[in-house]
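S.K.: show me how the following folds:
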Amino acid sequence: MQTLDDLFGGHFMSEVADPYSVYARLRRDEPVKLLDLPMQPGYVVTRYEHVVAVLRNAALFSSRANAKGIGLVMGKTILEMDGAEHARHRNLISLAFVPKALKGDLPARIAALANAMIDQFVADGTADLVAQFTRTFPLRVIAQLIGVPIADYETFKRWSLDIIGFGDDPVRGFESAQKLVDFLRPVLEARRNAPCGDLMSTLAHAVVDGHRLEDEEIFSFLRLLLPAGSDTTFRLIGSTLYALLTHREQLAEVLADRNKIAAAIEETLRWESPVQFASRETTTATTLGGVDLPEGAQILTALGSANRDDKRFAQPDRFDLHRRIEEHMAFGFGRHFCVGSHLARLEATTALSALLDRLPNLRFDPQKSTGVVGLAFRSPRSLPVVFDAPR
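M.R.: Now for the predicted structure:
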């Protein structure tokens, strides 16, 4: 049986440069293809219509598949829950991420964080915007919201990336998950004794089905919220910067009208989806795209492929600031639509505004190369830039 390595020329978590030509062939010839996936054989679904059909029908395509993947290292989270259980646990955190909750002083606090980070390199006239900005900026934001007092963001970010990328190195993934719990344990204990209005305090005193959440349930929440709440957004910001810096005429439009940042973000979410796949499992035998699927079949919906489906998006490989906004799959679809999508958009808008305001004549360093890479997760590994430093 063909593997993902065979198909894409790289491991699920590796730095694949261009999965889109493979996606295009699959959409045309084998839109529901049986493969040897990282955990077990399963079906990769690549057409937009089929991806929507899977993610829309939670009764037929269960999220419990995630228990066999990322759940192994994160513990039981809302990613693997269905139905009422999913709704009850999701509601614990959703109120912290709805648009109403993201008003008040939060936008100013996020802007202050962005500008404080830019202060560290603005006088240099050169920077790697991944290493010096995007990699830890969203982590700093989500840590504030949750109430986690992080001093060493680089180490914390490394733990997060190890957890998300555990498929490449399971031992390191589990070790980092334990280090994260060891760091969080005294913080949780402090919030149990003295709540202070942050999300950690909410979880510390939450009651579900008449029972207070156990420590391990809370750590599972946090093993999801901290890595996932920062990873997608750091990739989104980096890929949006890459898109604009490689499409100078569209960058000029954004510089002339900052309201177009929103369009740039949405088009980037479609064009280079930070998270490329979402897992499901059939609860009963069914048929999808003419392919018979048995009960218990593993399904890997290719979000990045759906977002480049030419039957849904005209000239899908083109980055187009003026594209009419369609319903892209970057944040998923249905009941498991990303709860942090509003925060991610706010962070990305704030970060891009600050960078474009403070780094005039921003452009790639001609002496260095970059590009968007990845299969399961995609973003630039580096963004070497030069700009006009203040005099």
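S.K.: so for stretch 298-315, mean pLDDT?
M.R.: Stretch 298-315 comes out with an average pLDDT of 96.
S.K.: what of stretch 361-381?
M.R.: 94.
S.K.: buried ones in that stretch, by neighbour count?
M.R.: Within stretch 361-381, the residues that qualify as buried are 362, 364-365, 370, 372-380, counting by 16 or more other C-beta atoms under 10 Å. (C-beta placed from N, C-alpha, C; glycine too.)
S.K.: can you give me the helices in the stretch 251-391 of the chain?
M.R.: Per DSSP state H, counting those that start in this stretch, the stretch 251-391 of the chain carries helices over the ranges 261-271, 303-306, 341-358.
S.K.: give the residue farthest from the middle of the chain.
M.R.: R391 (37.4 Å; C-alpha atoms, centre = their mean).
S.K.: need the contact list for it.
M.R.: Residues near R391 by C-beta atoms under 8 Å, 6 or more residues apart in numbering: none.
S.K.: out of the buried residues of stretch 361-381, who's nearest L102?
M.R.: S379 (23.0 Å; C-beta to C-beta).
S.K.: I figured that closest one hits S239, correct?
M.R.: Yes - with contact defined as C-beta atoms under 8 Å, S379 and S239 form a contacting pair (5.2 Å).
S.K.: can you work out which residues contact both of the two?
M.R.: The contact lists of S379 and S239 share 272, 274, 372, where a contact means C-beta under 8 Å, 6+ apart.
S.K.: what about the first one, neighbour count?
M.R.: Residues contacting E272 under the criterion other C-beta atoms under 10 Å number 26.
S.K.: mind pulling the model confidence for it?
M.R.: pLDDT, read off for E272, is 97.
S.K.: before we move on, the earlier item: same list, the buried residues of stretch 361-381, but as CSV with distance to M74 please.
M.R.: Below are the buried residues of stretch 361-381 laid out as CSV (distance: C-beta to C-beta, whole Å):
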residue, distance to M74
L362, 36
F364, 36
D365, 37
T370, 30
V372, 26
V373, 24
G374, 20
L375, 20
A376, 15
F377, 15
R378, 21
S379, 21
P380, 25
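S.K.: among these, name the ones in strands.
M.R.: 364, 372-373, 379-380 (DSSP state E).
S.K.: distance to T301 added to the residues you listed, as a markdown table?
M.R.: What follows is those, written out as a markdown table (distance: C-beta to C-beta, whole Å):
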| residue | distance to T301 |
| --- | --- |
| F364 | 33 |
| V372 | 20 |
| V373 | 21 |
| S379 | 20 |
| P380 | 24 |
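S.K.: which one of these sits closest to K311?
M.R.: V372 (23.6 Å).
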